[in-house]
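Chemist: quick one: sequence and predicted model below, then my questions.
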Amino acid sequence: MALIVQKFGGSSVADAESIKRVAKRIVATRKAGNDVVVAVSAMGDTTDELIDLAHEVTPMPDPREMDMLLTTGERISMALLAMAIKSLGVDARSYTGSQAGMITDARHGAARIVDVTPGRVREALDEGAVAIVAGFQGFNRDSRDITTLGRGGSDTTAVALAAALGADVCEIYTDVDGVFTADPRVVPKAHKIDRITSEEMLELAAAGAKVLYIRAVEFARRHGVTIHVRSSFNNSEGTWVVATNEGESMEEPIITGVAGDLSEGKVTVVGVPDVPGKAAEIFTIVAKTGANIDMIVQNVSAAATGRTDISFTLPKSDGEKVLTALRSEQDAVGFTALQYDDQIGKLSVVGAGMRTSAGVSAQLFRSLSDAGINIEMISTSEIRISVVTRADTLREAMQVVHTAFGLDAETEAVVYAGTGR
């Protein structure tokens, strides 16, 4: 008997018919002799609708009450799913994050899991029931408040439960057949990857691939959890996310996938005195805002002025607070001006085979040049190359690069619910 943790996203439980289809899959897994724990997201666009509703009530919702509101979405879907499973003759019990022992820090809206004590979940399994856990949420012992884990929190919930329970596999169900070489909504001829290393998946997730969230992949790698990304709309084999040392025995493709990201903006600090310590001053100011910096480029200083420009990218949601913080310290730092550009797109190519293959950068830049797409910034890691382009050229850039590296499939990919999640 195996212990399987299954996670179903919002597109998989979007309505009553979808919930009944998911229930049949869970029951089939249970009747095959497996113990089953399920982490479930809110139905469809429920979370977005609740956020919109809160902002109709007040422009600045209280963070604690926002978490109380948003966690209702998962509670609805977990209860309905339990009802559907019971109607098929299998016992099922639903639990909120706090009931399932998801212990978090006190940060509302972006809490991190600090411990998992799944006593009630284990008890349900021991009594032959399917345990259903509301994803995306936890409980802080000090404040005794409900917290939410932020976007992708249900993925993280599932992986954390798999780690705490010693599950054989964590199955992440979505509306595509697995992890693709690119977002199939953007690159229709993207093809499914059968196996990918956790290292490559981390890079793709960080670069904007939405099929798995980076926190879940990171948690899985740290705790040795095997992830299987599958479609909730069929029974096909999906994509196995395996430990890096397992993947090293495979013949690694030069490029595993292409990712695009439109969620970032670019800040340029103009006319920075080119003396030691100025970059440290700038990024200390940025760090105090809590913003997460991605790419950084510093120009060569102009001989005539002894000044340079420093550009960096960050989430658009952090743009205004970073600009405000830098403006307040402009005189102390001594820079000339600030520029902000929120019309950028980041394209990344990822592949473990880069380590042993020459010419990847040249091929990437040539394909973009041939398409007339300009590169504004470049960043690399051992297995990733990222470039910043104009936002309105990102879709074309992903398509031409995907083709240039020979990743196109003969047929177009299917996105069953239209979300790619």
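Modeler: Received the coordinates, thanks.

Chemist: and the helices in the stretch 201-350 of the chain, which stretches?
Modeler: Taking DSSP state H, counting those that start in this stretch to define them, one finds helices in the stretch 201-350 of the chain at 214-223, 244-247, 278-288, 316-328, 330-333.

Chemist: deepest-packed of those helices, please.
Modeler: Ranked by mean neighbour count, these are led by helix 214-223 with a mean of 20 (mean count of other CB atoms under 10 Å). C-betas here are computed from N, CA, C, even on glycine.

Chemist: mind listing residues that contact it?
Modeler: Outside helix 214-223, the residues within contact range by CB atoms under 8 Å, 6 or more residues apart in numbering are 113, 149-150, 152, 155-156, 158-160, 162-163, 170, 172, 198-199, 201-202, 205-206, 225-227, 241, 243-244.

Chemist: show me where the stretch 201-350 of the chain has strands.
Modeler: If DSSP state E, counting those that start in this stretch is used as the criterion, the strands of the stretch 201-350 of the chain fall at 227-231, 239-242, 257-261, 264-273, 296-298, 307-315, 337-341, 344-350.

Chemist: helices or strands up against the fourth one?
Modeler: Translated: strand 264-273. Judged by 3 or more CB pairs under 8 Å, 6 or more residues apart in numbering; DSSP states H and E, strand 264-273 is in contact with helix 278-288, strand 307-315, helix 316-328, strand 337-341, strand 344-350.

Chemist: do you know which of the ones you listed lies nearest residue 416?
Modeler: Residue 416 lies closest, by CB to CB, to one member of the helices and strands packed on strand 264-273: strand 344-350, at 24.9 Å.

Chemist: that closest one packs against which elements?
Modeler: Using 3+ CB pairs under 8 Å, 6+ apart: strand 344-350 touches helix 198-206, strand 257-261, strand 264-273, strand 384-390, helix 394-404.

Chemist: got the ones you listed as TSV, with mean neighbour count and mean pLDDT columns?
Modeler: Below are the helices and strands packed on strand 344-350 laid out as TSV (neighbours: other CB atoms under 10 Å; pLDDT from 0 to 100):
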stretch	mean neighbour count	mean pLDDT
helix 198-206	25	92
strand 257-261	26	96
strand 264-273	20	96
strand 384-390	21	96
helix 394-404	21	97
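
Chemist: tell me the domain ranges of the protein?
Modeler: The chain breaks down into these domains under automatic domain parsing: 3-175, 246-410.

Chemist: so residue 159, which of the three states?
Modeler: Following DSSP: H, G, I helix; E, B strand; the rest coil, residue 159 is assigned to helix.

Chemist: what's the pLDDT at it?
Modeler: Residue 159 carries a pLDDT value of 97.

Chemist: I'd like the numbering to begin with 52 instead of 1 from here.
Modeler: Fine by me, first position is 52 from now on; the one you just mentioned is residue 210.

Chemist: how about the contacts made by it?
Modeler: Here residue 210 is in contact with 56, 221, 267, 270-271, 274, 276, 278 (CB under 8 Å, 6+ apart).

Chemist: rerun at 10 Å
Modeler: Applying CB atoms under 10 Å, 6 or more residues apart in numbering to residue 210 gives the contacts 56, 58, 90, 164, 218, 221, 223, 263-264, 266-274, 276, 278.

Chemist: that older thread, and the helices and strands packed on strand 315-324 as JSON lines, adding distance to residue 191 and mean pLDDT?
Modeler: Formatted as JSON lines, the entries for the helices and strands packed on strand 315-324 read as follows, by distance: least, CB to CB, whole Å; pLDDT from 0 to 100:
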{"stretch": "helix 329-339", "distance to residue 191": "24", "mean pLDDT": "96"}
{"stretch": "strand 358-366", "distance to residue 191": "24", "mean pLDDT": "95"}
{"stretch": "helix 367-379", "distance to residue 191": "23", "mean pLDDT": "96"}
{"stretch": "strand 388-392", "distance to residue 191": "35", "mean pLDDT": "97"}
{"stretch": "strand 395-401", "distance to residue 191": "34", "mean pLDDT": "96"}
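
Chemist: relative to residue 421, which of those is closest?
Modeler: For those, the distance to residue 421 is smallest for strand 395-401, at 14.7 Å, taking CB to CB.

Chemist: quick one: strands adjacent to the closest one?
Modeler: If you go by DSSP bridges, strand 395-401 pairs up with strand 308-312 (antiparallel), strand 435-441 (antiparallel).
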